[in-house]
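Asks: predicted model and sequence below, questions to follow.
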Amino acid sequence: NRFCAASHNRTGFLCDDRVTCVPASHVCNRIWDCRNGEDEQEQLCADLPRSLPGYLVFHCGNPAHWIYADRRCDGMNDCGDCSDEMESLAACPPCGSAWWSCTPVLHEYCTCIPKRLCRDSIQHCAGWSDEYIC
């Protein structure tokens, strides 16, 4: 079993050294993150996503799309339909302290926007709460 928790408790892939935990999205990216390159092996990367262990993959609401499991609940609309941020399959916690909860106007976000976008004279939330309340 190669499941491990990478930084920020994200899903990861455990290298042969049984110490190094590579974030899921770094597996099969053509860069050796494990000393022996096991994160880039042919049998693992030959037929994405089918060749990957299930724990490294999140299937989006649209069956034609998938993302690496560590991209789920990261605040970004990686699936394109927000299924990685909102649906019960994603099981995401509420917005963290660095995020503002609203209905975003940009398709890039789903239920929260980064607080760094608050009060920047640009509407990011449907009700303008990012400019007047946040």
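Replies: It's in.
Asks: ramachandran angles for the residue most central in space within the chain?
Replies: In the chain, the residue lying closest to the centroid (C-alpha atoms, centre = their mean) is Arg71, at 1.0 Å. The phi and psi values for Arg71, taken as degrees, to the nearest 10, are phi -90, psi -10.
Asks: got the domain ranges for the protein?
Replies: For the chain, the TED database gives the domain ranges 1-93, 95-133.
Asks: any low-confidence regions in the chain?
Replies: Flagging of the chain using pLDDT under 70 yields the residue ranges 89.
Asks: what segments of the chain are strands?
Replies: Per DSSP state E, the chain carries strands over the ranges 3-5, 11-14, 21-23, 57-59, 66-68, 99-101, 112-114.
Asks: buried sites along the first one?
Replies: Okay, so that is strand 3-5. In terms of neighbour count (16 or more other C-beta atoms under 10 Å), strand 3-5 has its buried residues at Cys4. In short, each C-beta sits where N, CA and C put it, glycine included.
Asks: number the chain from 59, please
Replies: In the new numbering, first residue 59, that becomes strand 61-63.
Asks: so what strands line up beside that strand?
Replies: Note on strand 61-63: by DSSP bridges, its sheet partners are strand 69-72 (antiparallel).
Asks: please export the C-alpha coordinates of the partner strand as CSV.
Replies: Taking Å, rounded to 0.1, in the frame of the first residue of the first chain, the C-alpha atoms of strand 69-72 are listed here in CSV:
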residue,chain,number,x,y,z
THR,A,69,-3.5,12.5,-0.6
GLY,A,70,0.0,11.2,-1.5
PHE,A,71,2.0,8.3,-3.0
LEU,A,72,4.6,6.7,-0.8
